[in-house]
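S.K.: missing the sequence, but the structure's below:
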């Protein structure tokens, strides 16, 4: 578990650094003269260039391990942030963000694959995935407000420089703190070859990947819209607080460890339905205050994302962890590209949140049942 602790530490720093940019990227692009539609393109291209990186990461992690992909992503991403601090044109920002998207595409499959291999059984896998979500959430609670406050105090250039150096230092420390793992405790506990063959024959239904695509699309729409609403335009710090409210909601459900006893499928389906209804309310009725809606969105995310990752580990053989998490990242990258682009084009005509609701509801209707449906997860492999 020593590797897990180090990995959580590095992931916290990396996620803190990356989420700190969410509330300041759109205002920064506006300060360079970018129109809302072009801002959507900048955010979308960052996600689109994830795809080739995810493909390479999937096979690379399975073959070479996670360590060097994590180090490479962190150091190069930090260097690109330092370059980003001196851009003077929206097109330059587009190029930098596109390259950053490719580089950081290696980080998520590498981290998730390494976490999955550390676990001793499926219950512990679920807990480690929930721990990943918890670390991600803790970082994202304080980082948006911290990033906005940092820009308010020192300006965009110094802020991006500081964030870049933090990533570089984290990548250097990861060289000593992370070790590759070739065989797992789960693999060693498989009772006999027949069980191993059964595990390897399980396949992830392709329709499953429609769900993470819709989830990231809805999140892209939300992250595009929040910095552009009136309260955020009047104060970058207020924009950061709105992002932090989402993370507080996720922390709430991630802290409910008893949820891990429910099967990943049940958690995924229930969380997706809950999230779709919240976006429907944002689009049409707005029965709840904005802060409450954002908190509920975070609660839904705290249920869904660990459940999806656990579902994948339960349904796949150990030798394919890198590839399945790469495909998951690809589908989320596509959604994160589509969401901001759609929001930038339709926000003057109709609420983009309506599209988020439609995407989530359609993906929920297409979610395939597992071969062996159970309400509660199994304790051992």
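M.R.: Good, I have the coordinates. Values in this document were obtained by computation on a predicted structure and should not be read as measured data.
S.K.: where do the helices sit along the stretch 1-150 of the chain?
M.R.: 2-19, 22-31, 36-48, 50-64, 67-84, 90-104, 107-118, 122-154 (DSSP state H, counting those that start in this stretch).
S.K.: tell me the angle the helix or strand harbouring residue 292 makes with helix 122-154.
M.R.: Using DSSP states H and E, residue 292 falls within helix 290-315. Per axes from the mean of the first three to the mean of the last three CA atoms, to 10 degrees, the angle that helix 290-315 makes with helix 122-154 is 140 degrees.
S.K.: ok now do residue 61, which residues does it touch?
M.R.: By CB atoms under 8 Å, 6 or more residues apart in numbering, the residues touching residue 61 are 69, 106, 109, 110, 113, 321, 322, 325, 326. Just so you know, the C-beta spots here come from the backbone N, C-alpha and C atoms, and that holds for glycine as well.
S.K.: Kindly reformat these as CSV containing pLDDT and neighbour count.
M.R.: Output for these, formatted as CSV (pLDDT from 0 to 100; neighbours: other CB atoms under 10 Å):
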residue, pLDDT, neighbour count
69, 87, 24
106, 85, 29
109, 79, 31
110, 82, 29
113, 79, 26
321, 71, 24
322, 71, 26
325, 77, 27
326, 77, 29
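S.K.: Of the residues you listed, which is the nearest to residue 211?
M.R.: residue 325 (14.8 Å; CB to CB).
S.K.: tell me which element the closest one falls in.
M.R.: helix 321-346.
S.K.: State the next helix or strand along the chain beyond that helix.
M.R.: helix 352-366.
S.K.: what is the mean pLDDT for that next one?
M.R.: The average pLDDT for helix 352-366 rounds to 90.
S.K.: and that helix, which residues are buried?
M.R.: Within helix 352-366, the residues scored as buried using 16 or more other CB atoms under 10 Å are 352, 353, 354, 355, 356, 357, 358, 359, 360, 361, 363, 364.
S.K.: Out of these, which is nearest to residue 253?
M.R.: Once CB to CB is applied, the member of these that ends up nearest residue 253 is residue 360, at 17.0 Å.
S.K.: contacting residues around the closest one?
M.R.: Counting by CB under 8 Å, 6+ apart, residue 360 has contacts 214, 215, 218, 272, 275, 276, 279.
S.K.: Just send those back as JSON lines, with pLDDT and neighbour count too.
M.R.: As requested, those are exported to JSON lines (pLDDT from 0 to 100; neighbours: other CB under 10 Å):
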{"residue": "214", "pLDDT": "92", "neighbour count": "29"}
{"residue": "215", "pLDDT": "92", "neighbour count": "28"}
{"residue": "218", "pLDDT": "91", "neighbour count": "30"}
{"residue": "272", "pLDDT": "92", "neighbour count": "24"}
{"residue": "275", "pLDDT": "93", "neighbour count": "27"}
{"residue": "276", "pLDDT": "92", "neighbour count": "22"}
{"residue": "279", "pLDDT": "92", "neighbour count": "26"}
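S.K.: Residue 299 versus residue 292, what's the distance?
M.R.: 10 Å (CB to CB, to the nearest Å).
S.K.: Between these two, which has more neighbouring residues?
M.R.: Legend: neighbour count by other CB atoms under 10 Å for residue 292 and residue 299, higher for residue 299 (23 against 14).
S.K.: So the more buried one sits against residue 251, correct?
M.R.: No - counting by CB atoms under 8 Å, residue 299 sits too far from residue 251 to count as a contact (9.1 Å).
S.K.: For residue 264, see how far away residue 315 is.
M.R.: 9 Å.
S.K.: Same drill for the two, tell me which one is more crowded.
M.R.: residue 264 (25 against 18).
S.K.: Helices along the stretch 151-300 of the chain, start to end?
M.R.: Using DSSP H, counting those that start in this stretch, helices in the stretch 151-300 of the chain cover 156-177, 185-189, 193-201, 210-225, 230-234, 236-254, 264-280, 290-315.
S.K.: Confidence-wise, which of those is weakest overall?
M.R.: helix 193-201 (a mean of 39).
S.K.: could the contacts of residue 61 go into JSON lines alongside distance to residue 284?
M.R.: Below are the contacts of residue 61 laid out as JSON lines (distance: CB to CB, whole Å):
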{"residue": "69", "distance to residue 284": "43"}
{"residue": "106", "distance to residue 284": "40"}
{"residue": "109", "distance to residue 284": "37"}
{"residue": "110", "distance to residue 284": "41"}
{"residue": "113", "distance to residue 284": "40"}
{"residue": "321", "distance to residue 284": "41"}
{"residue": "322", "distance to residue 284": "41"}
{"residue": "325", "distance to residue 284": "35"}
{"residue": "326", "distance to residue 284": "37"}
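S.K.: Max pairwise distance over the residues you listed: which two?
M.R.: Using CB to CB for every pair in the contacts of residue 61, the one that comes out farthest apart is 106 and 321, at 14.4 Å.
S.K.: I'd like the buried residues of helix 352-366 laid out as JSON lines, including distance to residue 82.
M.R.: Listed next are the buried residues of helix 352-366 as JSON lines, based on distance: CB to CB, whole Å:
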{"residue": "352", "distance to residue 82": "33"}
{"residue": "353", "distance to residue 82": "35"}
{"residue": "354", "distance to residue 82": "39"}
{"residue": "355", "distance to residue 82": "35"}
{"residue": "356", "distance to residue 82": "34"}
{"residue": "357", "distance to residue 82": "39"}
{"residue": "358", "distance to residue 82": "40"}
{"residue": "359", "distance to residue 82": "36"}
{"residue": "360", "distance to residue 82": "37"}
{"residue": "361", "distance to residue 82": "42"}
{"residue": "363", "distance to residue 82": "38"}
{"residue": "364", "distance to residue 82": "42"}
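S.K.: of all these, which comes closest to residue 151?
M.R.: Taking the buried residues of helix 352-366 together and measuring to residue 151 by CB to CB, the closest member is residue 352, at 25.1 Å.
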